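Asks: I'd like to go over a predicted model; first the sequence, then the structure.
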Amino acid sequence: MANDPCDSHTKGDGSWWAKDARGIELCRVCEKCERRKLARYRPDVLTDPNYWADEPIDEEVTMTLPSDLRAMLDASGVPWRLEQGGWHVKVFVNGRFVAILPNNGTRSSADNPGRAHLNVRAAIKRAIRTKGASQ
Ligand SMILES: [Zn+2]
């Protein structure tokens, strides 16, 4: 195996520290190997200073709610929102907590709903009905 000088860059050989978006040093690179070495890292590590935030932003949460549940909530006319936890999404209808969906459950679909998906669907239906009855 040929000894690649790029595998053992040191200070003073014309290489520099490649840093991630937070300024954390990843590895020493030169013009020849920068692209190859940085290809090992997730793109957001290099470009997004918030890459290790635990909580996805709100838009993403909304996007991950199964579409049939979203449609049901939108059609109800009742205000609703989602709260993202580390491993779950909480569904609030009319300001009240009604259901919790595991994060992997948010990826189930209307055609192939998981158990959590079905439970959440029932809970949302109940919450929408309850709201209607109290008016
Ligand atoms: Zn190099």
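Replies: In hand now; what should we look at?
Asks: going forward, measure contacts between C-alpha atoms and count neighbours the same way
Replies: Will do.
Asks: who in this protein is up against the ion?
Replies: Cys6, Val29, Cys30, Cys33 (C-alpha under 5 Å from the ion).
Asks: PyMOL command to pick out the buried ones of these?
Replies: Selection of the buried residues among the residues of the chain next to the ion in PyMOL, burial being defined by 16 or more other C-alpha atoms under 10 Å:
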select buried, resi 6+29+30
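Asks: adding distance to Pro102 and secondary structure, write the residues of the chain next to the ion out as JSON lines.
Replies: Listed next are these as JSON lines, based on distance: C-alpha to C-alpha, whole Å; DSSP: H, G, I helix; E, B strand; the rest coil:
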{"residue": "Cys6", "distance to Pro102": "45", "secondary structure": "helix"}
{"residue": "Val29", "distance to Pro102": "41", "secondary structure": "strand"}
{"residue": "Cys30", "distance to Pro102": "44", "secondary structure": "coil"}
{"residue": "Cys33", "distance to Pro102": "42", "secondary structure": "coil"}
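Asks: rebuild the residues of the chain next to the ion as a markdown table, extending it with pLDDT.
Replies: What follows is the residues of the chain next to the ion, written out as a markdown table (pLDDT from 0 to 100):
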| residue | pLDDT |
| --- | --- |
| Cys6 | 94 |
| Val29 | 96 |
| Cys30 | 96 |
| Cys33 | 95 |
